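Colleague: sequence-free structure coming up:
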């Protein structure tokens, strides 16, 4: 039974799912927009918005939290130096999901997730 369990499974086991979320979040932070499926975009949206909220206050403790949640130091640096200060006055809602055409091979719903 899945009663009161939150989060999407994305048809993966725990390890590959965590790696997928971290890598997609890193790509979104570094390139500021990513083209992916609707289900994956909806999962990483909340993950990335939490990271940006942490990055708005650039302390050592917050840097260490971000290092734990992202795979590379470059993405942490960009969050703290570029994205955090950009959204200091904004109270959430840092990303936008735009629908695109379906994927050719399997007709999966494709979207583009980007920072506003």
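Modeller: That came in fine, so what should we check first? What you see is a predicted model; the values in this text were computed from it and never measured.
Colleague: quick one, helices of the chain?
Modeller: With helices called from DSSP state H, the chain shows them at 14-31, 38-55, 60-69, 73-78, 84-86.
Colleague: with distance to residue 107 added, can I get those in a markdown table?
Modeller: Placement of C-beta: from N, CA and C, glycine included. Below are the helices of the chain laid out as a markdown table (distance: least, Cβ to Cβ, whole Å):
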| stretch | distance to residue 107 |
| --- | --- |
| helix 14-31 | 21 |
| helix 38-55 | 12 |
| helix 60-69 | 33 |
| helix 73-78 | 32 |
| helix 84-86 | 36 |
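Colleague: and of the ones you listed, who's closest to residue 109?
Modeller: helix 38-55 (4.2 Å; Cβ to Cβ).
Colleague: name the residues of the closest one that are buried.
Modeller: 40, 41, 43, 44, 45, 48, 51, 52, 53, 54, 55 (16 or more other Cβ atoms under 10 Å).
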